[in-house]
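Asker: model the structure of this input:
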Amino acid sequence: MTGKPERKIILEDGQEYYGHAFGSHEEKILEIVFNTSMAGYQEILSDPSYTDQAVVMTYPMIGNYGMAEDDYETDVPTIGALVVREYNDVPSNFRAVKTLAEVMKQYGISGISGVDTRKLNRSIRDFGSRKALLTGIDTSTEAGLEKLRQYTLPRDAVSRVSCGKMREEGSSDARFHVAAIDCGMKKNIVRSLADKGCRVTVVPWNTSAEAVSALHPDGILISNGPGDPTDVPETIGTVRSLLGRYPVFGICLGHQIISLAYGASVYKLKFGHRGGNHPVKNLENGKIEITSQNHSYAVDEDSLIHTPLTVTHRNLLDGTIEGLRCEKDRVFSVQYHPESAPGPRDSAYLFDIFLQLMEESKNHAEKN
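Answerer: Numbers count the residues shown, from 1 in each chain. Okay, the predicted model is just below:
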């Protein structure tokens, strides 16, 4: 794209990056992060975990295969903005029904192309994720910095992206019934459970333990979602009340919520993990999994000392915890996304473990 830049990004440390607008032209203040995936921008755009964030793509060309009806992770994308080096507005893909820019404009998602994303991503890596103003070229640095100083990033993202009421998916005569607590759940999590023979009742993030128990589930799933897990004490309290009563599986934010429910703590990473190629070691069998990740927080390992949780997976890039288990309570969780399957379905076995725990629990209940 040629011509004079008409949009820019102002970071809270005064750095500025210039580019061209696509999608929505709305001015926004967001947390700026980066994603290293080489493909899958539609899934990234529609992942509720990116709520209130501007995502900088490290792969240089974005938009070249358009947007397909079947590839959304949510019906209404809530990502704040997309920042790219080169935007392609003429996609070549027989499945495409709209361009990326058309979808972004439809849902109010701001876009900036032509940005020096290599420099910007290095800045995020070196100095961490921080607030960024996406604005017009005429906004002065001083005015932009003042807006950033006065703005506080919201802490209610989960409540905005969770479902508003219960819904059921999967076959009514399925062997297992899973209650899935929706904290901003990706569609493919429910699809993966249904494909494994589960009936899934999706419930809002603030559903009480009593209401979940009233569904008579065989297992509980805690989903992914945006933001700081300590912002959802209601969900943490619900999970704490359910521990030991049902098999429980946590994914991403759900992994952090389970840790908090057991009394552990979390901390914010410098720039988070976002991409489709993060190596994780399974400490129980020694195998390495190539995983899909999207999160800003990690579990503090020192805080696990007084909990019954055992570390099962570890990130090979920075040593952070990627999986936990409490064998006594039939609870386990992973920080990454097994439903995304970036390799030869490396992580899909985790759903089988969940099914096995539900089968054991069901058999025990039937015998007694």
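Asker: got any ranges where the stretch 51-200 of the chain has weak pLDDT?
Answerer: Regions of the stretch 51-200 of the chain meeting the criterion pLDDT under 70 are absent.
Asker: how about a cut-off of 90?
Answerer: 170-173 (pLDDT under 90).
Asker: for the closest residue in space to R149 that isn't next to it in sequence, give me its contacts.
Answerer: Closest residue in space to R149, ignoring its immediate chain neighbours: E12 at 7.6 Å, by Cβ to Cβ, 6 or more residues apart in numbering. Bear in mind the C-beta positions are built from the backbone N, C-alpha and C, glycine included. Applying Cβ atoms under 8 Å, 6 or more residues apart in numbering to E12 gives the contacts R130, K131, A132, L145, L148, R149.
Asker: and if we set it to 10 Å?
Answerer: E12 is in contact with 29, 32, 127, 130-133, 144-145, 147-149, 151, counting by Cβ atoms under 10 Å, 6 or more residues apart in numbering.
Asker: can you add secondary structure and give those back as CSV?
Answerer: Formatted as CSV, the contacts of E12 follow (DSSP: H, G, I helix; E, B strand; the rest coil):
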residue, secondary structure
I29, strand
I32, strand
F127, helix
R130, strand
K131, strand
A132, strand
L133, strand
G144, helix
L145, helix
K147, helix
L148, helix
R149, helix
Y151, coil
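Asker: select only the buried ones of those in PyMOL?
Answerer: Listed next is the PyMOL selection for buried residues among the contacts of E12, using 16 or more other Cβ atoms under 10 Å:
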select buried, resi 29+32+130+131+132+133+144+145+147+148
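Asker: can you tell me which two in the contacts of E12 are farthest apart?
Answerer: F127 and K147 (19.5 Å; Cβ to Cβ).
Asker: please enumerate the helices of the stretch 51-200 of the chain.
Answerer: 100-106, 117-127, 141-150, 157-161, 187-195 (DSSP state H, counting those that start in this stretch).
Asker: outside of the fourth one, which residues touch it?
Answerer: Judged by Cβ under 10 Å, 6+ apart, the contacts made with helix 157-161 from elsewhere in the structure are 47-53, 74, 76-78, 154, 182-185, 204-206, 223, 225-229, 231-232, 234-235, 253, 257.
Asker: could the helices of the stretch 51-200 of the chain go into TSV alongside distance to R85?
Answerer: Listed next are the helices of the stretch 51-200 of the chain as TSV, based on distance: least, Cβ to Cβ, whole Å:
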stretch	distance to R85
helix 100-106	14
helix 117-127	4
helix 141-150	22
helix 157-161	27
helix 187-195	27
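Asker: out of those helices, nearest to N315?
Answerer: Using Cβ to Cβ, the nearest of the helices of the stretch 51-200 of the chain to N315 is helix 117-127, at 15.7 Å.
Asker: give me the helices and strands touching the closest one, please.
Answerer: Under the contact definition 3 or more Cβ pairs under 10 Å, 6 or more residues apart in numbering; DSSP states H and E, helix 117-127 sits against strand 7-11, strand 16-23, strand 28-35, strand 53-57, strand 81-83, strand 130-136, strand 266-282.
Asker: please tell me I have it right and F127 contacts N121.
Answerer: No. If you go by Cβ atoms under 10 Å, F127 and N121 don't touch, sitting 11.2 Å apart.
Asker: quick check: neighbours shared by the two?
Answerer: Both F127 and N121 are contacted by F271, under the criterion Cβ under 10 Å, 6+ apart.
Asker: just put the helices and strands packed on helix 117-127 in TSV and tack on distance to V90.
Answerer: Putting the helices and strands packed on helix 117-127 into TSV (distance: least, Cβ to Cβ, whole Å) gives the following:
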stretch	distance to V90
strand 7-11	21
strand 16-23	13
strand 28-35	23
strand 53-57	18
strand 81-83	18
strand 130-136	24
strand 266-282	25
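Asker: out of the ones you listed, which comes closest to K196?
Answerer: strand 266-282 (19.8 Å).
Asker: just want the angle from that closest one to helix 117-127.
Answerer: 110 degrees (axes from the mean of the first three to the mean of the last three Cα atoms, to 10 degrees).
Asker: distance from strand 266-282 to the middle of the chain?
Answerer: Relative to the centre of its chain, strand 266-282 is centred 11 Å away, using Cα atoms, centre = their mean, to the nearest Å.
Asker: partner strands of that strand, parallel or antiparallel?
Answerer: strand 288-299 (antiparallel), strand 310-315 (antiparallel) (DSSP bridges).
Asker: just put the ones you listed in TSV and tack on mean neighbour count.
Answerer: Output for the strands paired with strand 266-282, formatted as TSV (neighbours: other Cβ atoms under 10 Å):
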stretch	mean neighbour count
strand 288-299	23
strand 310-315	18
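Asker: in TSV: the ones you listed, plus mean pLDDT.
Answerer: Shown next, in TSV, are the strands paired with strand 266-282 (pLDDT from 0 to 100):
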stretch	mean pLDDT
strand 288-299	95
strand 310-315	98
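Asker: and those as JSON lines, adding distance to A261?
Answerer: What follows is the strands paired with strand 266-282, written out as JSON lines (distance: least, Cβ to Cβ, whole Å):
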{"stretch": "strand 288-299", "distance to A261": "12"}
{"stretch": "strand 310-315", "distance to A261": "16"}
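Asker: hmm, A180 is touching R191, no?
Answerer: No. Using Cβ under 10 Å, A180 makes no contact with R191, being 11.5 Å away.
Asker: residues near R125, how many?
Answerer: The tally of other residues near R125 (other Cβ atoms under 10 Å) stands at 13.
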